[in-house]
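Q: Everything below, folded, please.
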Amino acid sequence: MDRRFWRERRLTLLLVVATVGGLAASPSAWAAGGSAAPVVPLTAENWEARTQLQQTLFAPVGEAAARRPVIVSQEQGAAQVSFQVQSAGGAVFFVFANQEGKTFPLVGTGTFIIKRSLKDGALLQAKVFVQDDEGSFLRLFPQGDRSTMDIFLYGEPYQAGVELPLPLDRLLTSPLERIVSLTRGSVDWSLVFPPSQQEGDVRISDIVRALRPRLPKLRDRDDGAMDVSGRLVLISTGKPDPKGGGGFNCSGFAKWVVDGFYHPLAERNIDIETLRAQSQEERGGRWTGPFEEERDPFFGLDWTRNLARDLAEARDGTMPDVTDLDVRDATRFAYVKDAGYPVGQLRPLLYFLARRAPGTIYLGSVNAAGPAPLVAPAPAGAPGSAPVGAPIMRQHHHVVVLFPYFDAQGVFRLVVMERNVETSSESLARRYPGELVHLVRLDSTGTFVPPSIE
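A: Numbers count the residues shown, from 1 in each chain. I've put the predicted structure just below:
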């Protein structure tokens with residue numbers, strides 16, 4: 001038994017629910033029935049191992065809980081499957097983990113975890129990971145002579161209460177494809193299991209590899225960006241920093257990335273003044289107008305929209321409308337006008353976007369609601385000058401660049417870069433809890449050469 005498998009201390013947490021199985025039949029038993037081509041990766045299947053150990057699965061619970069770990073060889077699916085039994089929280093868990101290389105990762109596509117009660121041996125539920133991600137799994141429950149299934153992808157509910165026409169105890173030794181076949185009419189399985197890598201995914205991966213070695217060479221500077229000719233300047237003045245040096249803030253960094261596509265087309269960088277242009281007629285309202293000059297609450301929104309639009313114009317010769325490149329139609333996620341989506345949902349959101357449009361980069365403007373730091377003047381003739389608080393309004397205060405793609409093994413990767421460093425979606429969620437992020441699309445096609453920093 002590989003030691004790494006036993007060191008997986010997350011096991012108890014991941015055993016909140018158990019695993020699935022199926023009928024003790026070969027895949028051909030239903031493939032011959034005319035079902036569509038399987039979407040389950042062949043290496044995800046471990047039904048043979050579960051079939052070989054079915055006497056343990058259905059043995060008296062005390063006897064089953066005492067079963068020692070074993071490695072099971074298979075003719076189909078994973079070459080070998082690790083089996084172990086764990087007890088926690090008044091339940092016993094039977095874990096089947098597929099071999100990947102030299103290890104048996106608990107969080108891996110096809111891992112089955114079956115849960116029974118330690119008190120009376122009753123079958124409680126089952127769980128199967130559908131991707132190499134701890135938040136992506138099926139959860140099955142017994143319901144008389146039938147079963148029900150919930151599906152989670154990247155920690156978010158995808159589909160709930162899907163009915164299967166077989167009792168759960170009959171779904172403990174069959175291939176995963178059996179469950180897919182039984183629910184093909186009610187579940188879009190093509191979005192559930194890992195996809196094959198597309199040309200767009202390769203482009204994003206190549207861009208990330210081109211950027212990573214350059215990040216340590218970038219300098220951090222408030223209000224810093226690169227101008228049309230390649231000089232490091234201040235965004236507010238368009239002139240070099242009087243303190244010397246120069247570098248990027250979050251907005252300047254995003255511009256530097258986009259200039260990597262823009263400069264090979266236009267032989268210059270994007271003009272900072274065009275990026276600062278406000279589109280007051282397209283966002284905000286009459287109550288935000290008085291605060292545009294002092295507070296500039298929509299700076300990040302305007303900046304990211306203008307970056308994407310300027311690049312599109314350089315490519316096609318036509319300037320898109322202000323909102324044409326916004327992400328407003330993400331399935332299963334509610335869009336807030338000019339504010340976007342919860343920062344905490346970025347990973348599942350970008351997963352679905354990457355499935356729908358491989359090879360797309362996203363510029364994000366993080367924003368939150370708060371009181372405007374300005375006061376209205378006292379009415380003419382009024383005694384004193386008691387300030388009147390300004391209204392609550394959203395402030396777009398941070399810009400990020402998001403690179404979602406699937407690697408050669410179909411594993412989803414979400415690379416987050418912001419203000420000259422690589423971070424993560426988890427880091428963003430920790431730093432900006434409860435905030436929203438507005439997204440605009442950026443096509444990754446074409447030559448990409450980040451401007452050099454002298």
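
Q: For the protein, give me the ranges with low pLDDT.
A: Residue ranges of the chain with pLDDT under 70: 1-38, 279-296, 371-392.

Q: Walk me through the domains of it.
A: Using automatic domain parsing, the domain parsing of the chain gives 3-191, 199-377+388-443.

Q: okay if I get the ones you listed as TSV plus distance to residue 452 and mean neighbour count?
A: Glycine gets a C-beta too; all of them are placed from N, C-alpha and C. Listed next are the domains of the chain as TSV, based on distance: least, C-beta to C-beta, whole Å; neighbours: other C-beta atoms under 10 Å:
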stretch	distance to residue 452	mean neighbour count
domain 3-191	37	18
domain 199-377+388-443	8	18
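
Q: how about these in CSV, adding distance to residue 451?
A: Shown next, in CSV, are those (distance: least, C-beta to C-beta, whole Å):
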stretch, distance to residue 451
domain 3-191, 34
domain 199-377+388-443, 5
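
Q: Which one of these lies nearest to residue 453?
A: Residue 453 lies closest to domain 199-377+388-443 among the domains of the chain, at 6.0 Å (C-beta to C-beta).

Q: Can you get me the start-to-end distance on the closest one?
A: 13 Å (C-alpha to C-alpha, to the nearest Å).

Q: Over to stretch 260-276?
A: Length of stretch 260-276, first residue to last, C-alpha to C-alpha: 19 Å.

Q: List phi and psi for residue 353.
A: Dihedral pair for residue 353: phi -60, psi -40, per degrees, to the nearest 10.

Q: what about it, distance to residue 312?
A: Distance, residue 353 to residue 312, by C-beta to C-beta, to the nearest Å: 18 Å.

Q: what do you get for residue 157?
A: Relative to residue 312, residue 157 is positioned 35 Å away (C-beta to C-beta).

Q: what's the answer for residue 361, then?
A: Residue 361 sits 13 Å away from residue 312, going by C-beta to C-beta.

Q: joint contacts of these two?
A: residue 443 (C-beta atoms under 8 Å, 6 or more residues apart in numbering).

Q: With adjacent residues omitted, what lies nearest to residue 367?
A: Closest residue to residue 367 apart from its sequence neighbours, by C-beta to C-beta, 6 or more residues apart in numbering: residue 396 at 4.3 Å.

Q: Let me see the contact set for the one you found.
A: Counting by C-beta under 8 Å, 6+ apart, residue 396 touches 297-302, 365-367, 438.

Q: let's go with 6 Å and repeat that
A: Contacts of residue 396 were listed using C-beta atoms under 6 Å, 6 or more residues apart in numbering, and they are 298-301, 365, 367.

Q: Go through the residues you listed and say which is closest to residue 442.
A: The nearest member of the contacts of residue 396 to residue 442, counting by C-beta to C-beta, is residue 365 at 13.0 Å.

Q: quick one, what contacts that closest one?
A: Residue 365 neighbours (C-beta under 6 Å, 6+ apart): 300-301, 304, 396, 399, 438.

Q: Now do the stretch of helix or strand it belongs to: distance to the chain's middle.
A: Assessed by DSSP states H and E, residue 365 sits inside strand 360-371. Distance of strand 360-371 from its chain centroid, counting by C-alpha atoms, centre = their mean, to the nearest Å, is 16 Å.

Q: Strand partners (parallel or antiparallel) of that strand?
A: strand 392-406 (antiparallel), strand 436-443 (antiparallel) (DSSP bridges).

Q: I'd like these laid out as JSON lines, including distance to residue 203.
A: Listed next are the strands paired with strand 360-371 as JSON lines, based on distance: least, C-beta to C-beta, whole Å:
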{"stretch": "strand 392-406", "distance to residue 203": "8"}
{"stretch": "strand 436-443", "distance to residue 203": "10"}
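
Q: just the helices in the stretch 101-250 of the chain please.
A: In the stretch 101-250 of the chain, the helices defined using DSSP state H, counting those that start in this stretch lie at 176-182, 199-211, 250-266.

Q: mind giving me CSV with these and columns for distance to residue 332?
A: Converted to CSV, the helices of the stretch 101-250 of the chain look like this (distance: least, C-beta to C-beta, whole Å):
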stretch, distance to residue 332
helix 176-182, 20
helix 199-211, 21
helix 250-266, 27
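
Q: now for those, which one comes closest to residue 135?
A: The nearest among those, by C-beta to C-beta, is helix 176-182 at 18.3 Å.

Q: need the contact list for residue 300.
A: Going by C-beta under 6 Å, 6+ apart, the list of residues near residue 300 reads 365, 396, 399.

Q: Please name the bridge partners of the first one.
A: Counting by DSSP bridges, residue 365 is bridged to residue 399, residue 438.

Q: and it, how far is that from residue 422?
A: In terms of C-beta to C-beta, residue 365 sits 19 Å off from residue 422.

Q: Isn't residue 219 up against residue 247?
A: Yes: using C-beta atoms under 6 Å, residue 219 is in contact with residue 247, at 3.2 Å.

Q: Out of the domains of the chain, flag the one nearest residue 449.
A: Ranking the domains of the chain by proximity to residue 449 (C-beta to C-beta) places domain 199-377+388-443 first, at 5.7 Å.

Q: need the contact list for the closest residue to residue 72 other than its chain neighbours.
A: Once flanking residues are discounted, residue 72 sits nearest to residue 49: 4.0 Å by C-beta to C-beta, 6+ apart. Residues in contact with residue 49 (C-beta under 6 Å, 6+ apart) are 72, 81, 96.

Q: Checking my notes, the last one in a helix, right?
A: No: checked against DSSP: H, G, I helix; E, B strand; the rest coil, residue 96 lies outside a helix; its state is strand.

Q: List the single closest residue to it in space, sequence neighbours excluded.
A: Nearest to residue 96 is residue 112, by C-beta to C-beta, 6+ apart, at 4.3 Å.

Q: any idea how far residue 175 is from the one you found?
A: 11 Å.

Q: What segments of the stretch 201-350 of the chain are strands?
A: Counting by DSSP state E, counting those that start in this stretch, the segments of the stretch 201-350 of the chain that form strands are 224-226, 232-234, 341-342.

Q: who wins for proximity to residue 179 among these?
A: Residue 179 lies closest to strand 341-342 among the strands of the stretch 201-350 of the chain, at 30.6 Å (C-beta to C-beta).

Q: any residues touching that closest one, and which ones?
A: With contact meaning C-beta under 6 Å, 6+ apart, strand 341-342 is reached by 333, 349.

Q: if we can go back for a sec, export the strands of the stretch 201-350 of the chain as JSON lines, with columns for distance to residue 199.
A: Listed next are the strands of the stretch 201-350 of the chain as JSON lines, based on distance: least, C-beta to C-beta, whole Å:
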{"stretch": "strand 224-226", "distance to residue 199": "30"}
{"stretch": "strand 232-234", "distance to residue 199": "35"}
{"stretch": "strand 341-342", "distance to residue 199": "27"}
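
Q: Which among those strands is found nearest to residue 256?
A: When the strands of the stretch 201-350 of the chain are compared by C-beta to C-beta, strand 224-226 sits nearest residue 256, at 5.8 Å.

Q: From the chain's centroid, how far away is the closest one?
A: 29 Å.
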